[in-house]
Structures are given as C-alpha cells and as structure tokens.
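Participant: okay, structure incoming, though there's no sequence with it:
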C-alpha cells in the first residue's frame, strides 16, 4: 500500500493520548468495574463479546468500546453506566437492565455534572427506564444510537429515550428511537441541537420545557401521540422536521416566543396539525399542514407572528382562530396556499386575485355551541353563509390572507420514511391505545 494511503488511514483512527493503553476486558463477575478502577486517564477499554456486569461509574477520561458485540447489564438496579468525569467515550455497546426508579432517573447511561465533553455513539440501549440522562453535564454529543424503550407500563409511566436537564451545548443527532415515553425531554437547558433523529411509537417525539436558544431540525416523528411539543422556550429554530400520522398535534408552540418555524411537514390525520397557544413574535414560514382535523389552531392572545408561504391542504377546518378582530396572515405581499380557495390569477404572478378568509360566523357558532352542527344542512345556515360571502362587512373578526398563493410549498418525504408512515395506524384507528391516562399536554408534563 502506498505510504500516502497508509497515512490517510491513520488519520481516520482516533489517536490515544501519550502513555494511554488499550486494555482488553473479558466478561466476568466484577471484571468491568475492576478494569475501570485500574485504568489510567486516556486508556481505551476494549470489551470482549459477551455480558459484562454493571453498574459501573467512570470518573476520568476513558473510552469504553464494545465493538458492537459486548453487553453491559445493570441487573435491574440503578443506572447501568454513570459518567462523572470529563471526556469519556462510550461506543459500540449494548446497554440494558437499568432500575425502574423515576425519582433516581434510572438510566442506561447517565452523565452527571462534571461529565463535560462526553461522546455517546453507536450504542444499543434497550429495556432501560431512561435511555441517556444528560443531567447537568455540558457539551455532550449523543449520536448514532438506537434506543428501544420499555413497553410494560402505560406510556406516561415509562421513561424517556433522552432526558436533558440543565445541560448546555448538548447535541442529540442521528439516533433511532422507538417505544418509551418521550423521545427527547429537554428541561431547563439551553444551546442544544437536536437533529436528524427518528422517533416512533412514543408520547411526544420532542418535548421542550424552558429550553432556550436551541435547534430542532431534520427530525422525523411517526405515529406518536404528539410530534413536537415546544413549551416555555425562546429563540428556537424548528426547521425541516416531519410529523407523519401523529395523533393529537404535529407541532405545538405553547408560550414559545421568537421561534423560527420553517420547512416542516405535518400530515396524516392529527387532531391539529399545529397548535399555537400564547406564542409571540414567531416566524412560521413555508410549512405544509395537510390532512388534519384542524390545520392550525391559533389562540390565547398570540401576537405579532408572521405566517407566510405555508400550505394548508385538505384539512377539515383549515384554521380555528379564537378572537374578535381581523388578523393578517401575509407578509410583504405574500400569503399562504389554501386548498379550498377557488383562486384566479389573471396576471400569473403566483398571488391570487382575491383575499381569503378561512372562517365565517357559522364556524364561530360551532366552536362555542357544538350542538349547532345538527343544523349545518338547514337553509337558514346556507343563507347566512351566502350573505357573508356577498356582504363581507357582516363577517366577524378572524384570519385574513390578503395575498393567497396559487401553488403550495412542497416537502419531500424519503422513501424509507414513507414506508414507516404507511405502516403506522391512522390516528382515527389508533385512538389512544395504551394512553388512557394521557391528559392535555398543557397540563401534564
């Protein structure tokens, strides 16, 4: 092999610190804990195939590498691997058998305060209460892992795949999550990046509480109770995510301010594609909301939001806006696409020649008096709707799009993700399944 090729290969192999050693660890009672206790900072512990006993604590810079064939089993007690020192690396392991105590946040892997700069990659975490708990650690990277949560309890009683608390700079990327409670539960943190993860069969795919200056991008939520629940968080980027056949909401902004919400797709029969509750100064641009009972529910005094370039396609009710004054949904002469707006565009500029109001007086009556739905076919109701269309001054306050678009935003779904979507039950057929104890996301975290 030419010397240049050998040099290139060497660049791909992580170098051990000067004086560090590679130590092979054979399976056996207490062998892993003994090897960790004897290792010097910077050593690499190569775990041989088989079952290794946990729990174990790493308090110095070490690498634990299982080569994809070693199992660390906690035996059902506590956290399987706890990291308390900086710059630890955990890769290529199957981690299983944590305890079940929520008050202790029993997990497959826990990163405590002081465990800065850790790398958790290419592991299989299966059957633990929580998968990875980043609890006070900074600048953690968790990537390429598969997390299979528990299914032996009601969903609200299970743990999260990734539990982030007061952990600035955390990166969660490229992980595959199925079962458990929430995919990512991030609380009282900041400066996080959560991208390109796949979440299935969960309560929430991403659940934010007080997580500021952070990014949620490129994630896929399929068949969950709720896709992206972003609450009490400021200055967040929510871009290019997919919510497919999620049951309650695809995307929820609750007390979320100054967010940039762009390029997201929600489709497949959710109760609400999007729910915006007391959220202010957000950019909601170039998203596609398709096939839900309600395209977007907008309420509780949400102010100074910009909505433009979005597509509302085939939702039973395109918009539910609770308010008495007009609110404009366009920006700088560009509005949104509405599948139920019969458009004309005589000058072919992509902007419809007539403004659009998605709601009328009867919608407001139905929201406040659901029993009025029995009268929807009555001639008097049709007369009211004809009168409002002929005399716009009689319309109540509501959403107005003065510059509707004639073509919708398009967002592609990769073939492998479309296959997951097709296999997920439709929300109407799924019901709440094992979520009988699920309550409103605004009341239960």
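Facilitator: Now that the structure is in, tell me what you want to look at. Just so we're clear, the structure is a prediction, and the values are computed from it rather than from any experiment.

Participant: so what touches stretch 337-352?
Facilitator: 310-314, 318, 333-335, 353-354, 356, 358, 401, 403-409 (CB atoms under 8 Å, 6 or more residues apart in numbering). All C-beta spots, glycine's among them, are computed from the backbone N, C-alpha and C.

Participant: run the last query once more with 10 Å
Facilitator: Here stretch 337-352 makes contact (CB atoms under 10 Å, 6 or more residues apart in numbering) with 288, 290, 295, 309-315, 318-319, 329-330, 333-335, 353-358, 401-409.

Participant: all helices of the stretch 1-150 of the chain, in order?
Facilitator: 3-12, 31-38 (DSSP state H, counting those that start in this stretch).

Participant: select from the ones you listed the stretch with the lowest mean pLDDT.
Facilitator: For the helices of the stretch 1-150 of the chain, the weakest mean pLDDT is recorded on helix 3-12, namely a mean of 44.

Participant: now the longest strand along the chain: buried residues?
Facilitator: What stands out as the longest strand in the chain, according to DSSP state E, is strand 63-73. For strand 63-73, a neighbour-count test (16 or more other CB atoms under 10 Å) marks 63-66, 70-73 as buried.

Participant: elements contacting it?
Facilitator: strand 22-25, helix 31-38, strand 44-47, strand 50-53, strand 56-58, strand 81-83, strand 89-96, strand 124-126 (3 or more CB pairs under 10 Å, 6 or more residues apart in numbering; DSSP states H and E).

Participant: relative to residue 289, how far out is the residue nearest the centre of the chain?
Facilitator: The centroid of the chain falls nearest to residue 206 when counting by CA atoms, centre = their mean (2.9 Å). Relative to residue 289, residue 206 is positioned 18 Å away (CB to CB, to the nearest Å).

Participant: picking that back up, deepest in the core, which of the helices and strands packed on strand 63-73 is it.
Facilitator: Greatest average neighbour count among these goes to strand 81-83 (a mean of 26), per mean count of other CB atoms under 10 Å.

Participant: for that strand, what is the distance to the chain centroid?
Facilitator: Distance of strand 81-83 from the chain centroid (CA atoms, centre = their mean, to the nearest Å) equals 25 Å.

Participant: between its first and last residues, what's the separation in stretch 273-284?
Facilitator: End-to-end span of stretch 273-284 (CA to CA, to the nearest Å): 13 Å.

Participant: repeat that for stretch 31-50.
Facilitator: End-to-end distance (CA to CA), stretch 31-50: 12 Å.

Participant: can you check stretch 318-328 too?
Facilitator: Terminal-residue distance, stretch 318-328 (CA to CA): 15 Å.

Participant: residues of that stretch that come out buried?
Facilitator: For stretch 318-328, the neighbour count (16+ other CB under 10 Å) marks 318-321, 323, 327 as buried.

Participant: ditto for stretch 331-344
Facilitator: With burial defined by 16+ other CB under 10 Å, the residues of stretch 331-344 counted as buried are 335-338, 341.

Participant: what does the domain assignment say about this structure?
Facilitator: According to automatic domain parsing, the chain comprises the domains 36-195, 203-359+398-428.

Participant: need the contact list for residue 131.
Facilitator: 95, 98, 107-109, 120, 123, 125, 142, 145-149, 159-163, 175, 177, 180, 183.

Participant: could you list the low-pLDDT ranges of the chain?
Facilitator: For the chain, the stretches with pLDDT under 70 are 1-19, 300, 322-324, 359-397, 429-445.

Participant: give me that answer again for 90
Facilitator: Applying pLDDT under 90 to the chain flags the ranges 1-20, 153, 269, 298-303, 321-327, 340-348, 350, 353-399, 426-445.

Participant: coming back round to it: roughly how far does the residue nearest to the centre of the chain sit from residue 335?
Facilitator: 29 Å.

Participant: and the next element down the chain from whichever strand or helix holds residue 251?
Facilitator: According to DSSP states H and E, residue 251 maps onto strand 249-254. Remark: after strand 249-254, the chain's next helix or strand is strand 260-262, criterion DSSP H and E.

Participant: check which element follows that next one along the chain.
Facilitator: The helix or strand immediately downstream of strand 260-262 is strand 265-267, counting by DSSP H and E.

Participant: not counting that next one itself, show me its contacts.
Facilitator: With CB under 10 Å, 6+ apart as the criterion, strand 265-267 contacts 220-221, 227-228, 240-246, 249-251, 272-274, 287-292, 295-296, 311, 313-315, 409-413, 421.

Participant: narrow the residues you listed to those in strands?
Facilitator: Assignment to strands by DSSP E places the following of the contacts of strand 265-267 there: 220-221, 227-228, 242-244, 249-251, 272-274, 288-290, 295-296, 311, 313.

Participant: any idea what the closest residue to residue 183 other than its chain neighbours is bridged to?
Facilitator: In this structure, residue 183 finds its nearest non-sequential neighbour in residue 199, 3.8 Å apart by CB to CB, 6 or more residues apart in numbering. For residue 199, the beta-bridge partners under DSSP bridges are residue 177, residue 221.

Participant: related to what we said a few turns ago, using the three-state scheme, assign the residue nearest to the centre of the chain.
Facilitator: Under DSSP: H, G, I helix; E, B strand; the rest coil, residue 206 falls in the strand class.

Participant: hang on, it packs against residue 185?
Facilitator: Yes: under the criterion of CB atoms under 10 Å, residue 206 makes contact with residue 185 at 8.4 Å.

Participant: what sits in contact with each of these two?
Facilitator: Jointly contacting residue 206 and residue 185 under the rule CB under 10 Å, 6+ apart are 162, 229.

Participant: in the sheet, who's paired with the residue nearest to the centre of the chain?
Facilitator: Legend: beta-bridge partners of residue 206 under DSSP bridges are residue 184, residue 228.

Participant: ok, it to residue 309 distance?
Facilitator: On the measure of CB to CB, residue 206 and residue 309 end up 23 Å apart.

Participant: which residues touch residue 79?
Facilitator: Contacts of residue 79 (CB under 10 Å, 6+ apart): 54-57, 95, 98-99, 101, 104-110, 112, 128-130, 133, 135.

Participant: one more time with 7 Å, if that's ok
Facilitator: Contacts here follow CB atoms under 7 Å, 6 or more residues apart in numbering; on that basis residue 79 touches 55, 98, 106-107, 110.
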